[in-house]
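Enquirer: Structure here, sequence nowhere to be found:
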């Protein structure tokens, strides 16, 4: 498929996602796995993704089709989690001792997901107090569809202990986020976790994924470390590790790190959309979650960034 054809296909698919109503139309194309395979497998540059996805399209999906937006974000984060699971040691997936190698196709999928998030994120944060955005990103369980007989209603999910089988949720319409088979610490808890938490968790895991952002012979193991430094996965020795720690890298690894960091930086820019009068009393939820220490590889990210900054040599870095 040529580059111009790939752009046209992705544009058509996204238009369909913006026009259909997944809460009602059980035969809509976005409910089929082939739809998402095409979106994630189509290699496009950052510039092409930004050109195809317009601000108007994102705002329309956010405001007019919030359930569709949730579906899209869950598919993206689910695909990232699926790709990240390839970096786990085989004894946590199959029999064996090592870990699987990241394929070129999986690398393409991960980069596509990161670029989609980078483009969409600012428009999710521009009205941080909007009720719809708060429910979409921070409500446990997100949005669900309740069947009222002659109509359906999209509403915030009830608390987990109160959920009944009356309403159909994402699992019932095959919205498992593409994470089937992925390994997580507690899949039940993760399924009901706020969507923004899952996004931040997946991106931070991606920053230390074998063959994508780090070159290491060993795979990761669950539970993923938070406050413990995994020296085999740091980007550079120094802070928190031996100064002369042998760390391998190449241009592809560095490029992938930069793309994920740009996506994270975009998400962490939420305070730019907050009025200064409310920031001190109501700090950014994204920053609070990111700095909580509950995300995987928290210590690794801190030590990697600090070691890189401290060792920076403007004359010959």
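Expert: Good, I have the coordinates. Model, not experiment: these values are computed from the prediction.
Enquirer: for the protein, what spans make up the strands?
Expert: Under the criterion DSSP state E, the chain carries strands at the ranges 143-147, 152-156.
Enquirer: which of these has the lowest average pLDDT?
Expert: Mean pLDDT values for the strands of the chain show the minimum at strand 152-156, a mean of 81.
Enquirer: Return the set of buried residues in it.
Expert: If you call a residue buried by 16 or more other Cβ atoms under 10 Å, then strand 152-156 has these buried ones: 152, 154. Yep, even glycine has a C-beta here, placed from its N, CA and C like the rest.
Enquirer: Residues touching that strand, excluding its own?
Expert: 23, 24, 66, 67, 135, 139, 141, 142, 143, 144, 145, 146 (Cβ atoms under 8 Å, 6 or more residues apart in numbering).
Enquirer: quick one: the third one and residue 143 touch, right?
Expert: Yes: Residue 66 sits in contact with residue 143 when judged by Cβ atoms under 8 Å, with a separation of 6.2 Å.
Enquirer: of those two, who's got more company?
Expert: Set side by side, residue 66 and residue 143 show more neighbours around residue 143, with 21 against 18, by other Cβ atoms under 10 Å.
Enquirer: And the more buried one, how close does it get to residue 296?
Expert: 26 Å (Cβ to Cβ, to the nearest Å).
Enquirer: Residue 107 now?
Expert: Distance of residue 107 to residue 296, computed by Cβ to Cβ: 20 Å.
Enquirer: So for those two, which sits in the more crowded spot?
Expert: More crowded of residue 107 and residue 296, by other Cβ under 10 Å: residue 296, with 25 against 17.
Enquirer: phi, psi of the more buried one?
Expert: With angles defined as degrees, to the nearest 10, residue 296 sits at phi -60, psi 150.
Enquirer: Spatially nearest residue to it, not counting backbone neighbours?
Expert: Excluding its sequence neighbours, the residue lying closest to residue 296 (Cβ to Cβ, 6 or more residues apart in numbering) is residue 224, at 3.6 Å.
Enquirer: So for that neighbour, what's the pLDDT?
Expert: Per-residue pLDDT puts residue 224 at 89.
Enquirer: That one is in contact with residue 299, isn't it?
Expert: No: with contacts defined as Cβ under 8 Å, residue 224 does not count as touching residue 299, sitting 11.2 Å away.
Enquirer: which residues are in contact with stretch 62-69?
Expert: By Cβ under 8 Å, 6+ apart, the list of residues contacting stretch 62-69 reads 17-18, 20-23, 30, 61, 123-124, 132-133, 135-136, 143, 145, 154.
Enquirer: rerun that using 10 Å as the cut-off
Expert: Stretch 62-69 is contacted from outside by 17-24, 28, 30, 58, 60-61, 70-72, 120, 123-124, 126-127, 130, 132-133, 135-137, 142-145, 152, 154-155, 170, 173, 175, 195, using Cβ atoms under 10 Å, 6 or more residues apart in numbering.
Enquirer: Now for the contacts of strand 152-156: which two are most distant?
Expert: 24 and 139 (21.1 Å; Cβ to Cβ).
Enquirer: out of those two, which sits in the busier spot?
Expert: Higher neighbour count among residue 24 and residue 139: residue 139, with 15 against 12, using other Cβ under 10 Å.
Enquirer: In space, what's closest to the more buried one - neighbours in sequence excluded?
Expert: Using Cβ to Cβ, 6+ apart, the closest residue to residue 139 is residue 156 (5.0 Å).
Enquirer: May I have the beta-bridge partners of the one you found?
Expert: As for beta bridges, residue 156 partners with residue 143 under DSSP bridges.
Enquirer: mind checking how far it is from residue 134?
Expert: With Cβ to Cβ as the criterion, residue 156 and residue 134 are 9 Å apart.
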